[in-house]
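S.K.: Sequence below, structure please.
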Amino acid sequence: MCAICLPKFIEIMQHYIITNRKINDGKIDFNKNIAGVEFRVASAGWGADLEEEIKTTALAEVDGKFERWKSKIGVSVMPEGNNAGTDYALDTVEELVGQGGSATFFGELYKFMYDEGRGKKKILVFVHGFANGEKDFYCNLVKLHKNFVQEKGTIDRIIMVLWPTNGSLVLQYWDDQNDAELTGAMLGRVFQKLLKFIDDFIRPADPDETKRKQLCNSKLYLMCHSMGNQVLYWFMNEIEKKEAFRAMPIFSDILLVAADVRADALEKGERLYELPQLGNRIQVYCNRNDHALDISKVTKNLKLRLGKRGPVNMASVPQNVIVVDVTKSVNNQTGSRIDDMINHWYHLDAEVVIKDIQLVLKGMNNPKRKYDPQEQKYVLPERG
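M.R.: Predicted coordinates:
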């Protein structure tokens, strides 16, 4: 664990944040601000006492303890790297970590996945949706950790993509869309640096591919929620535009949850059609009663959304796209009147959906998924 990145009280748990929010006085600014294509990396961690508290806190109680999480979770922004350009062609991972910026991030992640995990770690990259403020960051991180890290055999570490959004569901929707496009370009830069890291550090130091083969036993997963799927859309646009695209399945599964993109976004000719080349399977979670996507439709997007019913034409999407209808599973789950009416955050609060995602992250099939041949999608059962 990098001593320059974490407060002393953090003992057992560390996650990462990639953000294009402003950094003021070494802290992430959660006020609404314009997204950019430059990014910084931060760490978020806590000790054994909070780990146990998260375990014993019911999901319905997490939001009410926001101030507690904020006071106990240590968020530390990593030092910036060399302005002249990051040098990944170094001899040791310790030299890499000492550089700051993306070199520190990739070096620590590499050390965690290989040196500590011997190629058996699982990492979840999570891209949040619109209307996410400071409270959402802390509470969502706790819920993700509780649902998918504390559940044995699922995820070992989370990388949260934190981008500028407003806390309003409706009033700032258009601004959030613009920021989603810029954030997609930012992730394109992260991807380009990742490829450079692989070329400059891993390949030269591993001529017989021993480490790369062991690293292949580690697994990366990507989950995009709501407008986070627009970030993904513009990410694909960016890497194709910059010719940074490589057909390499770096993700075991890519989960598109409550996707606020057009329902034909995975069809040929659309940006997300190439997405299966980056992941072995694409899991599309949809909910016919997702009323947040109705807000999207009436405010700007007149076309059907992918997160409502899934793809328009399953015959036109790649074969490794799997659609899961969660409509029966998500009603009245959280104890929050607003959430229960909107039915949009089921990846964090709906027990049946959470268990399904846990099995995906474990590489297992869910026997409770029932295939509907007419709709060409799987259906999750009612809760209870």
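S.K.: and the residue nearest in space to the middle of the chain, bridged to which residues?
M.R.: Closest residue to the average C-alpha location of the chain: F126 at 1.0 Å, with CA atoms, centre = their mean. Here F126 sits in beta bridges with M160, M223, as judged by DSSP bridges.
S.K.: That one is in contact with N147, isn't it?
M.R.: No. Using CB atoms under 8 Å, F126 is not in contact with N147; the gap is 11.1 Å. Where you see a C-beta, it was placed from the backbone N, CA and C, and this is true even at glycine.
S.K.: re the thing from before, contacts only, for the residue nearest to the centre of the chain.
M.R.: L144, I158, I159, M160, V161, M223, C224, H225, G228 (CB atoms under 8 Å, 6 or more residues apart in numbering).
S.K.: which of these tops the neighbour count?
M.R.: Counting neighbours by other CB atoms under 10 Å, G228 leads the contacts of F126 with 29 neighbours.
S.K.: How about the contacts made by it?
M.R.: G228 touches F126, V127, H128, G129, V161, A180, counting by CB under 8 Å, 6+ apart.
S.K.: from memory the fifth one sits against L187, does it?
M.R.: It refers to V161. Yes. If you go by CB under 8 Å, V161 and L187 touch, sitting 6.7 Å apart.
S.K.: Quick check: neighbours shared by the two?
M.R.: Counting by CB under 8 Å, 6+ apart, the residues touching both V161 and L187 are I18, V127, V231.
S.K.: what about burial for those, which qualify?
M.R.: Neighbour counting with 16 or more other CB atoms under 10 Å marks I18, V127, V231 as buried within the shared contacts of V161 and L187.
S.K.: how about TSV for those, with pLDDT and distance to I73 added?
M.R.: Shown next, in TSV, are the buried ones among the shared contacts of V161 and L187 (pLDDT from 0 to 100; distance: CB to CB, whole Å):
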residue	pLDDT	distance to I73
I18	96	17
V127	98	20
V231	96	23
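S.K.: Same list (those) but as TSV, adding distance to T104.
M.R.: Shown next, in TSV, are these (distance: CB to CB, whole Å):
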residue	distance to T104
I18	13
V127	22
V231	24
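S.K.: Looking at those, which one is closest to D253?
M.R.: V127 (14.3 Å; CB to CB).
S.K.: and the nearest residue to that closest one once chain neighbours are set aside, what are its phi and psi?
M.R.: Of all residues not flanking V127 in the chain, G228 sits nearest, at 3.6 Å (CB to CB, 6 or more residues apart in numbering). Dihedral angles of G228 (phi, psi; degrees, to the nearest 10) stand at phi -60, psi -20.
S.K.: show me where pLDDT drops low in the stretch 201-350 of the chain?
M.R.: Residue ranges of the stretch 201-350 of the chain with pLDDT under 70: 203-216, 242-247, 296-302, 331-341.
S.K.: quick one, helices of the chain?
M.R.: Applying DSSP state H to the chain gives helices spanning 48-56, 59-62, 66-72, 93-97, 101-110, 134-148, 173-197, 210-215, 228-241, 292-299, 306-309, 337-342, 346-349, 351-361.
S.K.: Now do the buried residues in the longest one.
M.R.: Looking back up the chat, that one is helix 173-197. So, applying 16+ other CB under 10 Å, buried residues of helix 173-197: 173, 175-177, 179-191, 193-197.
S.K.: name the helices or strands packed onto it?
M.R.: helix 101-110, helix 228-241, helix 292-299 (3 or more CB pairs under 8 Å, 6 or more residues apart in numbering; DSSP states H and E).
S.K.: got it, and the fourth one?
M.R.: In terms of contacts (3+ CB pairs under 8 Å, 6+ apart), helix 93-97 is packed against helix 101-110.
S.K.: Dump the helix it packs on to PDB, restricted to CA.
M.R.: C-alpha atoms of helix 101-110 as PDB (Å, rounded to 0.1, in the frame of the first residue of the first chain):
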ATOM      1  CA  GLY A 101       0.000  10.300 -11.200                       C
ATOM      2  CA  SER A 102      -1.100   7.500 -13.500                       C
ATOM      3  CA  ALA A 103       2.300   5.700 -12.900                       C
ATOM      4  CA  THR A 104       1.600   5.400  -9.200                       C
ATOM      5  CA  PHE A 105      -2.000   4.200  -9.900                       C
ATOM      6  CA  PHE A 106      -1.000   1.500 -12.500                       C
ATOM      7  CA  GLY A 107       2.000   0.500 -10.400                       C
ATOM      8  CA  GLU A 108      -0.100   0.000  -7.200                       C
ATOM      9  CA  LEU A 109      -2.700  -1.800  -9.100                       C
ATOM     10  CA  TYR A 110      -0.200  -4.100 -10.800                       C
END
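S.K.: between that helix and helix 173-197, how many degrees?
M.R.: Note on geometry: by axes from the mean of the first three to the mean of the last three CA atoms, to 10 degrees, helix 101-110 and helix 173-197 are set 70 degrees apart in direction.
S.K.: Can you name every helix or strand that helix 101-110 contacts?
M.R.: By 3+ CB pairs under 8 Å, 6+ apart, helix 101-110 packs against strand 13-19, strand 40-46, helix 93-97, helix 173-197.
S.K.: residues in contact with A258?
M.R.: 129, 225-226, 285-287, 290, 292-293, 307, 344-347.
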